[in-house]
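Visitor: sequence and predicted structure are below.
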Amino acid sequence: MIGSKYIIIDWKTWAQGMTTSNFTEDGGFGKGTGGASSSAVNPIASPGLMHFPAASVDKSGTLAGEIIMSCEDSQSVSPADKIVVSKTASGAGAKFYKYKSGTLTIASTNGTDSTRTYEQGMSDMTNFGGYVYGTSRTAVFEYVTSTGTVSQSYYDLTASYSNANLVPHPVLVYENNLFYGNGNKLLRQTAIGVAPVVILTLDTQQVIVALGIDPGSGLMLISTSNVPNIDGTLTPIAKVLYYDGFSNKPRKSVIVDDMITCFYTVGGTVFIGYGQNIGYWTGTGIQFLRALNISLDRTQLLFKHHITNLGSVLYILENEKILAYGEVIQGQGKSWWYLYQNYPSGSSVTIRSLFDLPSNKLGYSFSSAKFYTIDTSSTSDKDTNALLFSRKYNFPRPVTFNSVVIDYGSTITASTTIATVYLFLDNGDAPLIATVTTTQSGTYTFTCPYPTAMTRSIQIRYSPSTNLGIEKATIFYNDKE
């Protein structure tokens, strides 16, 4: 007998995104249980359907080391899709690449730096005047991408701290000038080929950590800490300064709750990394958005090259996962979901950098000297780690679970395994209730029957074998008589 009561999981559910944990109801589908999570899901490829992301594509080629930073190529003639810099495992050395049409090509002149040290959170890069400029621990480099020539020690960076090796060197283009953070000093470069000069000197107890732009006032944002704190393990006095780019002192200073590691603007909102969290800048302080599952370590904290966007959707590195934040369906509010989890071979390997690419693609590099891309708009195949949990539905009294009926957005291919479906009960049991397959052609619906189970909570785990989009799932149950 089909249950007299039901729960419908459909487009409104997908639009609510992922819950904060398996014990909250602040999302449409569950974060997961038993150490697993809703990972490698893609609710935006076909709005209204729950799909799974396409399989990642290995673009490592001749890559050596791990990519730690990237930026656009602003040259006017045949620009690359991205300029990237990789470092060795120890950080002592780097290689400079163009990425274009699916291929990494090392710079033809001085493409390898065997002398200087490059680190996440400390090194940064950006395009300026058709060139690319960036930083190591001790120097600014200049990459003339049109000729493939790198000057690895374009300008020497020094700082007055005994532990200067922990001082970040962020870069920012602001008001047609290029700025570098260097300890308590802000340097300004006015044109390509010109040496930077000190434009602002802060108190010796302030260390510049991150640079950004406030879209409301148009002023530069400068994040500072009173001690070098590259791994975020200390509790410093942290500030955000407003600066106009030319005066000898900031316009305004705001003390904040924790050291801000990056400013990243999408749609007029300045998202910020701070501690093990992501939030946004209100103009006078930090507004919390979500706690991140990351360690207090420079390779994992939310620095500039651990966050990017494609259109209005924000993507964030969370250890071995890529966390997405944005609107699934216009007007339904923003929500969270994991676009990607784990290394393609299935083992857990930390992602080291994340960046946008043309044609709705993301690029990401692993600590294992591998570089992959993923097409966020494709539903042609499926990532190996795709997994979807429903939200955990709790009942005040025991109910009798009856079945789940799944409706798909296109027909089920006959004699093909589409997915396996599991039922999580309040006693910890998680029986397999169905393998989705049929010998019929032209059907859109599959019923997952199961001998009645009594429980005070119901949660469905859906493990896809193909990328067939789910339109809705209906859970049928009865009150216990």
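Guide: Thanks, I have it.

Visitor: skipping adjacent residues, who's closest to the residue nearest in space to the middle of the chain in space?
Guide: In the chain, the C-alpha closest to the average C-alpha coordinate belongs to residue 316, at a distance of 1.7 Å (Cα atoms, centre = their mean). With Cβ to Cβ, 6 or more residues apart in numbering as the measure, residue 323 is the residue that lies nearest to residue 316, at 4.5 Å, once sequence neighbours are left out. Yep, even glycine has a C-beta here, placed from its N, CA and C like the rest.

Visitor: returning to what we had before: report the beta-bridge partner residues of the residue nearest to the centre of the chain.
Guide: Legend: beta-bridge partners of residue 316 under DSSP bridges are residue 307, residue 323.

Visitor: pLDDT score assigned to it?
Guide: Listed pLDDT for residue 316 reads 97.

Visitor: ok, and what's touching the helix or strand encompassing residue 337?
Guide: Element membership of residue 337 [criterion: DSSP states H and E] is strand 334-341. Outside strand 334-341, the residues within contact range by Cβ atoms under 8 Å, 6 or more residues apart in numbering are 15-18, 27-29, 37-43, 53, 56, 290, 315, 318, 320-328, 362, 364, 374, 376, 383, 385.

Visitor: if I look at the residue nearest to residue 316, how far off is residue 229?
Guide: For residue 323, the distance to residue 229 (Cβ to Cβ, to the nearest Å) stands at 24 Å.

Visitor: the nearest residue to residue 38 once chain neighbours are set aside - how many residues pack around it?
Guide: Taking Cβ to Cβ, 6+ apart as the measure, residue 38 lies nearest to residue 389, with 4.8 Å between them; neighbours along the chain are not counted. Residue 389 is surrounded by 25 other residues when neighbours are defined as other Cβ atoms under 10 Å.

Visitor: helices and strands around whichever strand or helix holds residue 289, which ones?
Guide: Following DSSP H and E, the helix or strand that holds residue 289 is strand 286-291. With contacts defined as 3 or more Cβ pairs under 8 Å, 6 or more residues apart in numbering; DSSP states H and E, strand 286-291 has these neighbours: strand 269-274, strand 277-281.

Visitor: of those strands, which is nearest residue 299?
Guide: In this view, these are compared for proximity to residue 299 by Cβ to Cβ, and strand 269-274 is the closest at 13.4 Å.

Visitor: residue 173: neighbour count?
Guide: Other residues near residue 173 come to 17 when the count uses other Cβ under 10 Å.

Visitor: ok, then the element right after the helix or strand encompassing it?
Guide: Secondary-structure assignment from DSSP H and E places residue 173 in strand 171-174. Using DSSP H and E, the helix or strand that follows strand 171-174 in sequence is strand 177-182.

Visitor: packing partners of that next one?
Guide: Packing contacts for strand 177-182, counted by 3+ Cβ pairs under 8 Å, 6+ apart, involve strand 171-174, strand 185-189, strand 207-213.

Visitor: deepest-packed of the ones you listed, please.
Guide: Ranked by mean neighbour count under mean count of other Cβ atoms under 10 Å, the helices and strands packed on strand 177-182 are led by strand 207-213, which reaches a mean of 25.

Visitor: mind saving the C-alpha coords of the helix or strand just after that strand as CSV?
Guide: The element immediately downstream of strand 207-213 (helix or strand, assigned by DSSP H and E) is strand 220-225. What follows is the C-alpha trace of strand 220-225 in CSV, where atoms were taken according to Å, rounded to 0.1, in the frame of the first residue of the first chain:
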residue,chain,number,x,y,z
MET,A,220,41.0,50.9,-1.4
LEU,A,221,40.6,48.4,1.5
ILE,A,222,43.7,47.3,3.3
SER,A,223,43.6,44.4,5.8
THR,A,224,46.3,44.5,8.5
SER,A,225,47.4,42.5,11.5
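
Visitor: can you tell me the strand partners of strand 220-225 and which way each runs?
Guide: Pairing partners of strand 220-225, with direction, according to DSSP bridges: strand 207-213 (antiparallel), strand 238-243 (antiparallel).

Visitor: redo those as JSON lines? Include mean pLDDT and distance to residue 332.
Guide: Formatted as JSON lines, the entries for the strands paired with strand 220-225 read as follows, by pLDDT from 0 to 100; distance: least, Cβ to Cβ, whole Å:
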{"stretch": "strand 207-213", "mean pLDDT": "97", "distance to residue 332": "29"}
{"stretch": "strand 238-243", "mean pLDDT": "98", "distance to residue 332": "32"}
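
Visitor: export those to CSV and tack on distance to residue 147?
Guide: As requested, these are exported to CSV (distance: least, Cβ to Cβ, whole Å):
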stretch, distance to residue 147
strand 207-213, 28
strand 238-243, 34
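
Visitor: name every strand pairing with the strand holding residue 289 and say which way it goes.
Guide: Taking DSSP bridges as the criterion, strand 286-291 sits next to strand 277-281 (antiparallel) in its sheet.

Visitor: hang on, the earlier thing: how close does the residue nearest to residue 316 get to residue 351?
Guide: When Cβ to Cβ is applied, the distance between residue 323 and residue 351 equals 11 Å.

Visitor: same thing with residue 197?
Guide: Where residue 351 is concerned, residue 197 sits at a distance of 37 Å (Cβ to Cβ).

Visitor: which of those two has more neighbours?
Guide: The residue with more neighbours, out of residue 197 and residue 351 and counting by other Cβ under 10 Å, is residue 351; that gives 26 against 11.

Visitor: all strands of the stretch 51-200 of the chain, in order?
Guide: Using DSSP state E, counting those that start in this stretch, the strands of the stretch 51-200 of the chain run over 57-58, 66-71, 82-87, 92-100, 103-106, 112-117, 125-128, 131-135, 139-144, 149-156, 171-174, 177-182, 185-189, 197-201.

Visitor: would you mind writing the CA trace of the longest one as PDB?
Guide: Taking C-alpha atoms only, strand 92-100 is exported to PDB below (Å, rounded to 0.1, in the frame of the first residue of the first chain):
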ATOM      1  CA  ALA A  92      61.900  27.100  -3.000                       C
ATOM      2  CA  GLY A  93      61.400  27.700  -6.700                       C
ATOM      3  CA  ALA A  94      58.600  28.300  -9.200                       C
ATOM      4  CA  LYS A  95      57.600  28.000 -12.800                       C
ATOM      5  CA  PHE A  96      55.700  30.500 -14.900                       C
ATOM      6  CA  TYR A  97      53.100  29.300 -17.400                       C
ATOM      7  CA  LYS A  98      50.500  30.400 -19.900                       C
ATOM      8  CA  TYR A  99      47.400  28.200 -20.100                       C
ATOM      9  CA  LYS A 100      45.600  28.500 -23.500                       C
END
